[in-house]
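Colleague: Predicted model and sequence below, questions to follow.
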Amino acid sequence: MPRPALARLGAVAAIPVSALALAACVPNTQADGDTIAVSSTADACDVAATEAPSGTIVFDVTNDGDDVTEFYLLAPDGLRIISEVENIGPGITRQLVVQVGPGDYLTACKPGMVGDGIQAAFTVTDSGEDVISGDKAEQLTAAGDSYLLYVRDQIQTLEQKTAAFLEAYVAGDDDTARELYADARVHWERIEPVAESFGDLDPMMDAREADLAEGEEWTGWHRIEKNLWPPAEGYDLTDAERQELADKLAADTAELAARVNADDFTIDAFQVGNGAKELLDEVAAGKITGEEEIWSHTDLWDFQANVDGAAVAFGVLRDVTAETDPDLVEELDSRFAELNELLAQYGSIEEGFVLYTDLTEDQIVELARAVDALAEPLSRLTAAAVI
Amino acid sequence: MSEQHPATGAEDTSAPVGASPDAAVEPVDAAPRRGMSRRAVLGTVGAAAGVAAVGAGGFAAGRATADPLQRHAYDFFGTHQSGIVTPQQDRLHFAAFDLTTDSRARVISLLRKWTEAAATLMTGSELGSGAAGGAYAAPPDDTGEALGLPASGLTITFGFGPGLFDDRFGLADRRPAQLIDLPKFSGDTLDERYVGGDLCIQACADDPQVAVHAIRNLSRIAFGDAAIRWTQLGFGRTSSTTRAQDTPRNFMGFKDGTANLRAEDVDLVDEHVWASADDGEEWMAGGSYLVARRIRILAENWDRTSLQQQESDVGRTKGSGAPLSGGSEFTEPDFTVTGRDGEPLIRPDSHVALAHPSANGGARMLRRGYNFTDGADDLGRLDAGLFFLAYVRDPATQFVPIQNALSSHDVMTIEYLRTTGSALFAIPPGVPAGATLGSDGGAFVGEALFA
């Protein structure tokens, strides 16, 4: 399923530093004691407490002014940002959850998002509780960078395999094209949320027939799929039509590669975690129902590829999550293993899978349950990793 | 069926009969002559004491208590049909029918019978000789499950689908231009079991059993002339049609229909809901068009989405329903307010931004949808969602462009919603106050179409 322009990664990517976006997330571990209410107005920043014990501290920041506001927890120099929550509209309350060790800090509201803000001293006393050390931001940045390398690698392979697939398709060697189809798509499916974040490319490359509005032109993988696995007589395309579809898909794939290889293309930890969740959404919404590859029935390749991509996303966040929520890591490890074992009963990407239409209803239900068993804890990964 | 009986009540159908919302309305004059009030059957209700009838003998389906809303009875008669600007009730049973007869006379006869029965049912009375009062050797006229229940704010609204205007009934040249064939929207995954219909009945009530009783008995009356094509139960309203009502929540957990048209917006309702003779078909003057869409929500996937993403997709906060640009629920969204990154606080591809009248040439609708669940699918996932009902004056301008925008650009719609059913109906005007009903030439809903 395509995601529209800027819907997901684009919107989040517009936030410059991952830590900024993260602050709004709900933590997996609740703060000890009460939350600290903060009221931000045009000329005041009322913080209900000036002191809190070290550990997880939760501020409930209400914008009681008329301008968009922000709230910061700053180091005593007033410059280094420990954490912040931004883009709080008038009348709206947002939560800032942050792990803080003992020491002196500053709170600051920034109504109108300009200037140094309205600052006040804030003391964190020693509760004796372990507080996660300060290299977290670096770990998260490294996770995003590492995932980006994976994405670039997959897209490079996608380009190569797509070229071979299209060569056979244009040459009229349908048997070869059918053999190469699912294997090439694996590299799209592994990084699907990233590909889908380019809302202009995704519908041209991966739209299913059901995704089209009346009168829309249909191009891309699934248009070719229907040509190679025609549901009935009369779906033949001319050589020229095939060439046109092939040229378009090749050009769009090249454009995708250019965009993810651009110097200013980055992925942050927040996007990695959400991407893992979205990959399981893809399985649940399209693959497990056989809707994705409705003509070729090669859904299990896509299924495995989505799970692979989610596993890689989890992998790059694994260490940082282990510090905040080791139980979640353990659960995800076992759920990934269960699902992969189940999938292995039906084949592998290297050796090929059985077709979706060869699965019994009971087998599909079993797969669906394993997907749900993984997807539910996976949906907690982002919050656990980034807090 | 009873013979003709006089109609009473000149109130607009949007207003409940009776002065006070707490008044247990006993529309004695409107009761069919031979029909019985369900409450009369079971004994007097302590209306002033706020106590509803308790079924005698313990077998009747009477509720031990009924809140004031459930004792409302709305007037069947009026310029417009009831069930449109009527304060939206909590429960729905909707049915689409195929006409199984080719006879225009039979269609007219069916509509006469339906009209008369609807007027009776809305008063809280039994049909015909009742559920337990008829000939002992014959099946009862009324199926009986609403015995002991008050009127429960029941409204019954009839509609005509495109099939009524095919070549069977000589009505092809009377089809309103507004009764279009809806286009395919991006992502539509229609299940033919929930598509179309020659006729429809929307039964809304504050007691689900009363709504179901209405559809059951009306479909019984139709056997031989029309048969149920599909039905939909709704268990909770997702819109408000008056200002007095709180904004309810949809199955995604968000307040829905905050910006809905309300009965009090008389001028806007005239402009956006009621058809006029100037629109092309005189028989539709005072009527409307009903868009019905069965929208499944991929609840499991939505529930795994972070609160931040949910609010960002919708454009409102989940708690209060305030737009992300600030304020409270009824503050107008301000799409120009930007945050730290220079991006609008309400994303341009959020649901609110795309559905807002300002993005759609000022187009408005009167939404009257319901949450539904039809159990689970084969994979153990809730088959649940929103049964979208919207009344508009011109679907081509007030629904199609908005739905196209949502289907193609709204992340929430694309990722988490699947439209599985779709239909469009012309809703004829109401039966005027003072009209005489009955099988022998009585007035009926849509009469002007057959004139």
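Modeller: Great, that's in hand.

Colleague: ends of stretch A:217-236, how far apart?
Modeller: One end of stretch A:217-236 sits 17 Å from the other (CA to CA, to the nearest Å).

Colleague: Likewise for stretch B:388-405?
Modeller: End-to-end distance (CA to CA), stretch B:388-405: 16 Å.

Colleague: and the residue nearest to residue B:140 when sequence neighbours are not counted, what are its phi and psi?
Modeller: Excluding the flanking residues, the one nearest residue B:140 by CB to CB, 6 or more residues apart in numbering or on different chains is residue B:131, at 4.9 Å. Any C-beta I mention is one placed from the backbone N, CA and C, and that applies to glycine too. Per-residue torsions, residue B:131: phi -90, psi -20 (degrees, to the nearest 10).

Colleague: residues touching residue B:131, list them.
Modeller: Contact analysis of residue B:131 by CB atoms under 8 Å, 6 or more residues apart in numbering or on different chains lists B:140-144, B:147.

Colleague: and it, how far is that from chain A?
Modeller: Plainly put, residue B:131 is 43 Å away from chain A if you go by CB to the nearest CB, to the nearest Å.

Colleague: What residues of the helix or strand harbouring residue A:301 count as buried?
Modeller: In this assignment (DSSP states H and E), residue A:301 forms part of helix A:299-324. For helix A:299-324, a neighbour-count test (16 or more other CB atoms under 10 Å in any protein chain shown) marks A:299-318, A:320-321, A:323-324 as buried.

Colleague: rewinding a little: name the nearest of the contacts of residue B:131 relative to chain A.
Modeller: Closest approach between the contacts of residue B:131 and chain A, by CB to the nearest CB: residue B:143, at 36.8 Å.

Colleague: quick one: residue B:364 from chain A, how far?
Modeller: 23 Å.

Colleague: what about residue B:357, neighbour count?
Modeller: A count of nearby residues for residue B:357, using other CB atoms under 10 Å in any protein chain shown, gives 15.

Colleague: List the residues that contact the closest residue to it other than its chain neighbours.
Modeller: With sequence-adjacent residues excluded and distances taken as CB to CB, 6+ apart, residue B:357 is closest to residue B:364, at 5.5 Å. Contacts here follow CB under 8 Å, 6+ apart; on that basis residue B:364 touches B:261, B:268, B:272, B:357, B:398.

Colleague: tell me the pLDDT at residue B:364?
Modeller: The model reports residue B:364 with a pLDDT of 94.

Colleague: Residue A:199 too?
Modeller: With respect to pLDDT, residue A:199 scores 85.

Colleague: Next one: it from chain B, what distance?
Modeller: For residue A:199 relative to chain B (CB to the nearest CB), the value is 8 Å.

Colleague: where does that residue sit relative to residue A:222, distance-wise?
Modeller: 17 Å (CB to CB, to the nearest Å).

Colleague: Among these two, which residue is more densely surrounded?
Modeller: residue A:222 (23 against 19).

Colleague: Quickly find the element holding the more buried one.
Modeller: According to DSSP H and E, residue A:222 maps onto helix A:221-228.

Colleague: which of the contacts of residue B:364 has the most neighbours?
Modeller: residue B:398 (25 neighbours).

Colleague: where does that residue sit relative to chain A, distance-wise?
Modeller: For residue B:398, the distance to chain A - CB to the nearest CB - is 18 Å.

Colleague: what about the nearest residue to that residue once chain neighbours are set aside, how many residues close to it?
Modeller: Leaving out its chain neighbours, the residue that sits closest to residue B:398 by CB to CB, 6+ apart is residue B:392, at 4.0 Å. By other CB under 10 Å, 26 other residues sit near residue B:392.

Colleague: which stretches of chain A have low pLDDT?
Modeller: Regions of chain A meeting the criterion pLDDT under 70 cover residues A:1-33, A:132-134.

Colleague: those helices in it, which residues are they?
Modeller: A:9-13, A:18-22, A:136-170, A:174-189, A:192-196, A:201-206, A:221-228, A:239-260, A:269-282, A:299-324, A:326-344, A:361-378, A:381-386 (DSSP state H).

Colleague: who does residue A:123 bridge with?
Modeller: Beta bridges link residue A:123 to residue A:51, residue A:104, judged by DSSP bridges.

Colleague: any chance of the contacts of residue B:131 in JSON lines, plus pLDDT and secondary structure?
Modeller: As requested, the contacts of residue B:131 are exported to JSON lines (pLDDT from 0 to 100; DSSP: H, G, I helix; E, B strand; the rest coil):
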{"residue": "B:140", "pLDDT": "96", "secondary structure": "coil"}
{"residue": "B:141", "pLDDT": "96", "secondary structure": "coil"}
{"residue": "B:142", "pLDDT": "97", "secondary structure": "coil"}
{"residue": "B:143", "pLDDT": "97", "secondary structure": "coil"}
{"residue": "B:144", "pLDDT": "96", "secondary structure": "coil"}
{"residue": "B:147", "pLDDT": "95", "secondary structure": "coil"}
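
Colleague: If we look just around chain A, which residues of the stretch 51-200 of chain B are in range?
Modeller: Counting by CB under 8 Å from any CB of the partner chain, the stretch 51-200 of chain B comes close to chain A at B:183-189.

Colleague: now do 10 Å
Modeller: B:182-190 (CB under 10 Å from any CB of the partner chain).

Colleague: Just the buried ones from those residues?
Modeller: B:182, B:185-188, B:190.
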